[in-house]
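Engineer: Whatever this is, show me its structure:
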Amino acid sequence: MDSELVDFEEMLSFVYLEEEKPGDEFDDIEETIFLEEITEKPLLGQPERQENICPFDILPEELILNIFSFLTVQEMCKYVALVCKLWLHYSRCPLLWQKLSFSESKRVINGLSDFIKSNCSLLKELCLAKTELTLPYCSDLAQSCPHLQTLSLSFCDPVTRIILDQFVTFCPNLRDLDLAGCCVTDHCLEGLNKLPLRKLNVSHCTYLTDNTLKFLSMECRQLCSLNFDGIQWITHGAITVLVQNCHGRLEHLWLDGENMIDCTVELIGKCRRLKSFGLSFCESLTDQSLICVQNMVNLTSLTLKKGREFSAEALKELFEHLHPHRTGSTTGLLHVNIAECTDLNDMAMKALADSCRNLQSIDISWCWGVTDVGLEHVVDNCHQMVDMNICGAKDLRGNPLKKIPQHMPRLRELDATQCNLVPDELLDELVYIMPQMSIKNYYGEDVLPPKIISSNYIITQGGWCQ
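Structural biologist: Got it, this is the predicted structure:
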């Protein structure tokens, strides 16, 4: 059995599985693969299984594989595969090896193609972020993943037209491509229209121009999610072409925004199916843009950063108009990033908290007009919160944070960097009560759970938290 695990152990040293993220926008696209279709490695027959009378082992194979599907690749290799030959066999079922991430390897992994061919014949998702690529390596890799649907080459070098063509040719089902931070040019992406591409991330690919956006808009007929953030020179003309061709199907759109004007946002408002909309630089936009965003009634994610010309009243009216009672939405906004909207105040925060009861993440960093009064509205109303960024909110004293253990039990990230009035002792106690939460203090350092907390203010006095 040791020899059977050699390949697993070698690959395991490179594999990095990120925590499962809820709610991918394409979860409704499902493919059913029946066990009888997997002919290369048939599961053990009933006579062989009768040797072991463990109640778990007499369950149907389909149910056992479904149970194992909740484990990570590391857990299957380190624990499941070592139990017995039968469990080793289950751990190598291709159904359990449909997602692989090597985003921390930073170099070509020798033998990866052979490993995928022999163990991951049904591979659908592959992440090779920050990896140095070569043409022979990518050619072999693409040919070993005929069922690949999702590929991340973010911040890889080099990513050329020839390399991308390997995946276009040998991975005909590829529909989700992440090239964030790559040095790709307009020419590199000219073959993407041959794919059933639905989702493309080219954020911070600073060699791209209007020509690529126009090409994708006209030639990629299934495209419904597009990230062009960090590309400052996209013009109103290119956005016009995008809206003309994609307004009926576009659901997720992120743009840089630096060269945007109010009429550009008005144009984007014609994309009635938008669920996610983001602009990183809103410095040239006014309250008129916020009025246009009010009409995006299907939004669940909204990013409007650096909106220094947005008034508090216009922000308040925006959130009031996006209330589920007015839009008919079942959830309302789940993610809001209005960092550096410096006129945001407590009244606008109250409107946000009233409208977004299911909010899971919020970023109000460097919003200097927000005080404990506004933050308290969020803590009291948004009980599903997972990630909260209050970095640089200089007037926050942190009193509402005392309610987090009771009101925000799901919170996992709290960034209080540069919040000079928030007591360190309060953050210490929060991480003590909720050790699963990651908290950053004034200096941006992680707050570590204290082994011993002074009884004079925690136990005797009841502590900071309620």
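Engineer: ok, then the element right after the helix or strand encompassing residue 405?
Structural biologist: According to DSSP states H and E, residue 405 maps onto helix 404-407. Next in sequence after helix 404-407, counting helices and strands by DSSP H and E, comes strand 413-415.
Engineer: next helix or strand past that next one?
Structural biologist: helix 424-433.
Engineer: same for that following helix, what does it pack against?
Structural biologist: With contacts defined as 3 or more CB pairs under 8 Å, 6 or more residues apart in numbering; DSSP states H and E, the secondary structure elements packing on helix 424-433 are helix 404-407, strand 438-440. Where you see a C-beta, it was placed from the backbone N, CA and C, and this is true even at glycine.
Engineer: Enumerate the positions of that helix that are buried.
Structural biologist: For helix 424-433, burial by neighbour count (16 or more other CB atoms under 10 Å) applies to 426-433.
Engineer: cool, and stretch 353-361?
Structural biologist: Buried, per 16+ other CB under 10 Å, within stretch 353-361: 353, 355-356, 358-361.
Engineer: Relative to the whole chain's centre, how far out is that stretch?
Structural biologist: 19 Å (CA atoms, centre = their mean, to the nearest Å).
Engineer: Same question for stretch 412-428.
Structural biologist: Computed by CA atoms, centre = their mean, the chain-centroid distance of stretch 412-428 equals 25 Å.
Engineer: again, but for stretch 309-316
Structural biologist: Distance, centroid of stretch 309-316 to centroid of chain: 28 Å (CA atoms, centre = their mean).
Engineer: Can you name the residues that contact the closest residue to residue 143 other than its chain neighbours?
Structural biologist: Distances taken as CB to CB, 6 or more residues apart in numbering put residue 170 closest to residue 143, at 4.9 Å, once the chain neighbours are dropped. Contact partners of residue 170, counting by CB atoms under 8 Å, 6 or more residues apart in numbering, are 139, 142-143, 145-146.
Engineer: again with residue 157
Structural biologist: 132-133, 182-183.
Engineer: switch to 10 Å and redo it
Structural biologist: Remark: with contacts taken as CB atoms under 10 Å, 6 or more residues apart in numbering, residue 157 is in contact with 130-133, 181-183.
Engineer: likewise residue 230?
Structural biologist: 180-181, 202-206, 208, 254-256, 258, 280-281.
Engineer: Now the buried members of these.
Structural biologist: 180-181, 202-205, 208, 254-256, 258, 280-281.
Engineer: and these, which of them are in helices?
Structural biologist: Counting by DSSP state H, no part of the buried ones among the contacts of residue 230 is found in helices.
Engineer: By pLDDT, rank these and give me the bottom one.
Structural biologist: Lowest pLDDT among these: residue 258, with 88.
Engineer: looking at the helices and strands packed on helix 424-433, which is closest to residue 285?
Structural biologist: Closest to residue 285 of those, according to CB to CB: strand 438-440, at 29.5 Å.
Engineer: picking that back up, redo the helices and strands packed on helix 424-433 as JSON lines? Include distance to residue 175 and mean pLDDT.
Structural biologist: Shown next, in JSON lines, are the helices and strands packed on helix 424-433 (distance: least, CB to CB, whole Å; pLDDT from 0 to 100):
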{"stretch": "helix 404-407", "distance to residue 175": "39", "mean pLDDT": "96"}
{"stretch": "strand 438-440", "distance to residue 175": "33", "mean pLDDT": "97"}
